[in-house]
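Novice: coordinates for the following, if possible.
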Amino acid sequence: MNFFGWSSLFGESDSGKTYGATGLKIQSPAVKNDGTSLTADFEYQRNRIENNDGTMTIVPEKHHYKFKTELRPKKTGLLLVGLGGNNGSTVVGATIANREKMTWRTRNGEQKANYFGSITQSTTIHVGYDGQKQVYLPFKSLLPMVEPNDLIIDGWDINNANLYEAMLRAKVGLPYFKDHKKGNENYGSLI
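Specialist: Coordinates of the predicted model:
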């Protein structure tokens, strides 16, 4: 096994950042926000089934849960087993490209790095009806979560390729653009 020390590519997490939606307020007696954490009471209902001598009895039960979520996530690391493979090198390349706000030219014009296809970054969730239209909010605005660009990524792989070679082999990420799109040598300096 080969251990890769690539955490330095991603720097330190920005602990001063505010995560989640701005302007989103939940008004519910079951939710409390003290500025540092969000506490929610949740009631889960299910039926318990009892079978006594051929007579089935349904007993409704309520289970009470309390969830607490920190509003400002702390530094978060992502450990990828198989970091040098196609999926791992794609995650690293996409994260670096988005963090650095990279662009490149294609025959259809300029392309910008984005997180389209990411459940947390581009998915919306139906939250209700405002009397005139259905309202959808970005998934990432409903729960406090770490921005992908702030992740500290590390991991290992069984092959001996470094991350640059792994990205070239998978035809993803920054080295591929540097070697095949010629013209912006800054891509290679991030690896």
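Novice: what are the phi and psi values at the most centrally placed residue in the chain?
Specialist: Central residue of the chain (C-alpha atoms, centre = their mean): Thr120, 4.9 Å from the mean position. Its backbone dihedrals place Thr120 at phi -80, psi -30, with angles given as degrees, to the nearest 10.
Novice: show the subsequent helix or strand relative to the worst-scoring helix or strand of the chain on mean pLDDT.
Specialist: Of all the helices and strands that make up the chain, strand 2-4 has the lowest average by mean pLDDT, DSSP states H and E, namely a mean of 36. Beyond strand 2-4 on the C-terminal side, the first helix or strand identified by DSSP states H and E is strand 31-33.
Novice: separation between Gln27 and Leu38?
Specialist: Between Gln27 and Leu38 the distance, using C-beta to C-beta, to the nearest Å, works out to 13 Å. For glycine as for every other residue, the C-beta is placed from the backbone atoms N, C-alpha and C.
Novice: just the helices in this structure please.
Specialist: Secondary structure of the chain by DSSP state H: the helices cover 86-99, 119-122, 139-142, 163-170, 173-181, 186-189.
Novice: now the fourth one: buried residues?
Specialist: Going by neighbour count (16 or more other C-beta atoms under 10 Å), the buried part of helix 163-170 is 163-164, 166-170.
Novice: quick one: contacts for the residue in the chain sticking out farthest from the centre?
Specialist: Of all residues in the chain, Asp53 sits farthest from the chain's C-alpha centroid, using C-alpha atoms, centre = their mean; the distance is 51.5 Å. Counting by C-beta atoms under 8 Å, 6 or more residues apart in numbering, Asp53 makes contact with nothing.
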